[in-house]
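Novice: Turn this into a model:
(3 chains, ligands or ions: 4)
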Amino acid sequence: MGGVLLRGFGWRHAGRRAWAVRGVDLRVEAGERVLLLGPSGAGKSTLLSALAGLLPEDSGEQEGTVEIDGLDPRKGRERVGIVFQDPETQLVMARCGDDVAFGLENRGVPADEIWPRVDEALHRVGFPYPRDRHTAALSGGEQQRLALAGALALRPALLLLDEPTANLDPAGADLVRRAVAGALDADTTLILVEHRVAEALPLVDRVVVLEPGGGVRADGTPEAVFATHGAALAAEGVWVPGHPIAPRAATAGPGELLLTADRLGLPPRLGSTDLAVRAGEALAVRGPNGAGKSTLALLLGGLLRPGRGRVTASAELAGRDHRTPPHRWRAPALARRIGSVFQDPEHQFVTSTVFDELALGPRRTGQPEAVVKETVAGLLERLRLARLAAANPYTLSGGEARRLSVATALATAPRLLICDEPTFGQDRRTWRELVDLFADLRDAGHGVVTVTHDADFVAALADRTVTLRRAPDDGR
Amino acid sequence: MISIEPVAAPDAPLARRNPVAKVAAALVFSFTLLATLDPVAPAIAIALELAVLPLFGIRYRVLARRAWPLLLSAAGILVTLVLFAADRSGRVLLDAGPVLVSTGVLLTALGLVLRVFAVALPGVIVFATTDPTDLADALIQNAKAPARFAIGALAAFRLVPLLGQEWQMISMARRARGVDAGRNPVAKLRLFASTAFALLVGAIRRGTRLAVAMDARGFDAGTPRTVARHQHFTGADALLIAGAVVLAAAALTTSVALGTFRPLIS
Amino acid sequence: MTSTTDTHRWRTIDIVVASVIAVAFGVIFWAWGLVWSATEGAFAFFPPAQTLLYGVWLMPAVIGGLVIRKPGAALYCETVAAVLSALLGSQWAGTVIPQGIVQGIGAELAFAAFRYRSFRLPTAVFAGALTGLSAALFDFFVWNVDYALTDYRIPYALLTIVSATVIAGAGGWLLTNALANTGVLDRFPAGRNRALI
Ligand SMILES: Nc1ncnc2c1ncn2[C@@H]1O[C@H](COP(=O)(O)OP(=O)(O)OP(=O)(O)O)[C@@H](O)[C@H]1O
Ligand SMILES: Nc1ncnc2c1ncn2[C@@H]1O[C@H](COP(=O)(O)OP(=O)(O)OP(=O)(O)O)[C@@H](O)[C@H]1O
Ligand SMILES: [Mg+2]
Ligand SMILES: [Mg+2]
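Specialist: Numbering: from 1, shown residues only, chains lettered A, B, ... in the order given. Ligands and ions are numbered 1, 2, ... in the order given. Okay, the predicted model is just below:
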């Protein structure tokens, strides 16, 4: 049970000219554990959706065939469980237990069997709370484990996981991986999509690499695939173990003070924090999910009013405004001095084309149109977005959207740049570009603060690390 | 912050009643009162509503906090009547152009304001004591509402607090990009519109993903659903509805007996 | 448009997105109160002004109909929006529910009149006008009985209809188009007319 057979499979999303995935021939036997790789936009998520029977006929065009145990996946959905990247959008009910029970109710499981199966699934993923805990009161990692329990309660023959740990802290990611390893039965088939190969390898015995243009690029045991294709794959954007990226240490020591936080806090989201940011320095902020990193980034960025303590800008950063705290500055002045990149890129888009999006900041800060055009053209080129200048920002792929959101903050050339998780879900190539970009900025004398779970990124770029601890549980 | 959690003690005798029964009782009670324009029937109704409040486990302070926007409506009614009342009879207390205050106007205003309170309070009480999940369950099990729609709406309701946070994120993102309105009301309106649009786009995107996640777990796969949480409709629930009918009728009858009754359509 | 046998059956995505549209409008109304707490007072003290913006409250009905394009969509969206405002504690509490149903029926009738086949601007404007009419009738008979007929009730009703036609009807159509351009409606017929990229 749980065998997969694809013959010449392809899918083109409605409204798109290009095929998301094409010409895939693949056979997965029951009980195999497969890691599905490929650069961003290669069609991995699309392929998983097809296997889960979640590509309705009216949402695109299909080529070739997909079969799960000889059945069309749209008819054999009860064999498949899938967990997506974003936990928040896969939880359906308000209480944890109800959410796990949701799938069982849909499948018509008799009422007296539901709760024992819910408890069993929660136990298998090591869920620490009672059933009536509200889903909104869970951290990202806990939500992801709950989603996994919801899929496992249905006892799928084929389990599909799409970047299940992308937004999690290292401990949370480890918990989810261990939950997966512990929860799989011997005959459950697993297909896992994950950019960071090294962490995923213990879970799998086979690697399949999708070719962006179509077809399967490589297929075999991890050792065989990486030995033959390793270097080429790494160059194309796949994270291949043993191909480290050269770190970019600072070329000079830190310069003047830009921003200080004194016992800054916003209960209950962030406890008291002290911090100083200097020019020509890359500062990394780390800490577990829910520690308040994003809150800190917003406070430093002058976007939230501090609950206690204060943020002080130096005269170097703020000129005559240095006596007022950043959250009281007018927006154009703020955008000139401090650039912020949000955790979710979609929150950041204001206009309807990529070009306008980049031009907005410079225009608001009063630069002449010729300078605006030049700035924008430079950024588009540098971040490989020139082709998309007329596209709507909301239609971009994840990696492109992330790059655009970073570029919008760079457009006003702020002295201080604050980025929240700039590298999540990125393939190796985008990742490298981002590291280079931040390093160049830093070496040109700007201050860079990045909030991140990404240990590689910290190793490659950061001159200094601040770790936030989670405030003691206030019983929320 | 917006929240859709109930605010009452959950084990109060009437708060525990079946959600469908509570909603039905509130609707019956409210609608009976809509039928009259006099001040007496709503006054009695308000007294009754306040009297049963402890049975629903709501403290008066909590009710006041939830119901204060009604005061705005009351003020609105008063002003509109002073300007536009149909019945301007009675002793004139103030007459300044279009503004006319007479005893007749004040009596009408009293009736309408009391009516707004009497009609709105049952809804406030019921929704303050009802969990949305329980309501959806009861609608499916006791009112035979289509499960797909009740559960779909419930899943969307779960997004409400998230969307409230999202509104703040979008506003902050705009500020970070150098966009603010200052004191200019036109700029403020444009900023509001563009924020609302971004919220709507994000919400639909979330909705699309949520629908896919629900399908992935067998929602709407054609298998008859079972229920994990049973909602019972008992004699006590029927009594609650009957009680609402009796009390509303009593309020109206008293008004008729006192000769103050003024039907809506006469 | 595809013409399979059950184009009128609601898919899961139709149900959830219709609910989400209603819910998002609930949140937008809530935010309006936050941003413009001053105007709420102004409305209270000069209520006829409120009718000018009445159309905004009727938008979910028209947009629901235009996006989902299934029988019942307009009615469903407006009703869910009303239930949500009751849950969030709107000033009209439970009474918004029947009011929402009546308003939704107006728009629903307009889409039904075109047998759920036309979703162009004239249809949208017609839907806006009808939902405005039903809203005006409800208020005329239920809330405004005690006000002067020619000085208040009739102008109020007419303003409601005008506002609904312009804001909910034409505005709703424009908003649906803008949404389609962002790509979020790709799985709906409303999003199919977008240029390929
Ligand atoms: N719903 C959709 N509508 C239109 N195009 C889409 C849709 N989903 C994905 N695409 C496009 O299809 C292509 C493949 O997308 P997919 O999400 O499968 O890539 P992926 O390999 O999972 O990438 P990533 O590693 O960034 O998650 C991309 O070009 C993307 O823009
Ligand atoms: N708008 C908000 N209102 C209330 N509480 C919030 C809000 N945003 C976040 N929180 C809560 O504040 C705490 C800190 O959140 P924050 O997003 O700053 O954490 P984080 O360290 O960035 O986590 P992650 O690594 O998951 O991104 C969390 O418990 C979160 O649930
Ligand atoms: Mg993907
Ligand atoms: Mg964060």
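Novice: quick one: low-confidence parts of the chain?
Specialist: All of this refers to chain A. Applying pLDDT under 70 to chain A flags residues A:15, A:471-476.
Novice: You answered for a different chain; I wanted chain C.
Specialist: C:1-6, C:33-50, C:89-95, C:192-197.
Novice: and the longest helix that it contains, is it in reach of chain B?
Specialist: The residue-count maximum for a helix in chain C (DSSP state H) belongs to helix C:12-35. Yes: counting by Cβ under 8 Å from any Cβ of the partner chain, chain B has neighbours in helix C:12-35: C:12-13, C:15-28, C:30-32, C:35. From N, CA and C alone the C-beta is placed, and that goes for glycine too.
Novice: can you check stretch A:148-159 too?
Specialist: Yes: Stretch A:148-159 is in contact with chain B by Cβ under 8 Å from any Cβ, via A:150-151, A:154.
Novice: Any of the residues of helix C:12-35 next to chain B buried? List them.
Specialist: Buried members of these, scored by 16 or more other Cβ atoms under 10 Å in any protein chain shown, are C:12-13, C:15-28, C:30-32, C:35.
Novice: you'd agree A:Leu264 is in a strand?
Specialist: Yes: A:Leu264 sits within a strand when classified using DSSP: H, G, I helix; E, B strand; the rest coil.
Novice: Return the residues in contact with it.
Specialist: A:270, A:272-275, A:296, A:299, A:306, A:308-311 (Cβ atoms under 8 Å, 6 or more residues apart in numbering or on different chains).
Novice: mind redoing it with 6 Å?
Specialist: Contact analysis of A:Leu264 by Cβ atoms under 6 Å, 6 or more residues apart in numbering or on different chains lists A:273, A:299, A:306, A:309.
Novice: quick one, strands of chain B?
Specialist: Listed in chain order, the strands of chain B (DSSP state E) span B:92-96, B:99-102.
Novice: do the same with the stretch 51-200 of chain A
Specialist: Shown for the stretch 51-200 of chain A, the strands assigned by DSSP state E, counting those that start in this stretch span residues A:60-68, A:80-83, A:158-162, A:189-193.
Novice: same for the third one, what does it pack against?
Specialist: It stands for strand A:158-162. In terms of contacts (3 or more Cβ pairs under 6 Å, 6 or more residues apart in numbering or on different chains; DSSP states H and E), strand A:158-162 is packed against helix A:44-51, strand A:80-83, strand A:189-193.
Novice: looking at the ones you listed, which is closest to ligand 4?
Specialist: Closest approach to ligand 4 among the helices and strands packed on strand A:158-162 (Cβ to the ion): strand A:80-83, 20.4 Å.
Novice: That closest one near ligand 1 anywhere?
Specialist: No: in terms of Cβ under 6 Å from any ligand atom, no part of strand A:80-83 sits within range of ligand 1; the closest distance is 13.2 Å.
Novice: Say whether chain B is contacted by that strand.
Specialist: Yes: on the criterion Cβ under 6 Å from any Cβ of the partner chain, strand A:80-83 is in touch with chain B at A:Ile82.
Novice: which residues does the closest residue to B:Arg206 other than its chain neighbours contact?
Specialist: Closest residue in space to B:Arg206, ignoring its immediate chain neighbours: A:Thr89 at 5.5 Å, by Cβ to Cβ, 6 or more residues apart in numbering or on different chains. Applying Cβ under 6 Å, 6+ apart, we find A:Thr89 in contact with B:206, B:209-210.
Novice: Kindly recompute the last result at 8 Å.
Specialist: If a contact means Cβ under 8 Å, 6+ apart, then A:Thr89 has B:206, B:209-210, B:213 as its contacts.
Novice: Show the pLDDT at the residue nearest to A:Leu54 when sequence neighbours are not counted.
Specialist: Leaving out its chain neighbours, the residue that sits closest to A:Leu54 by Cβ to Cβ, 6+ apart is B:Val212, at 5.4 Å. B:Val212 is assigned a pLDDT of 90 by the prediction.
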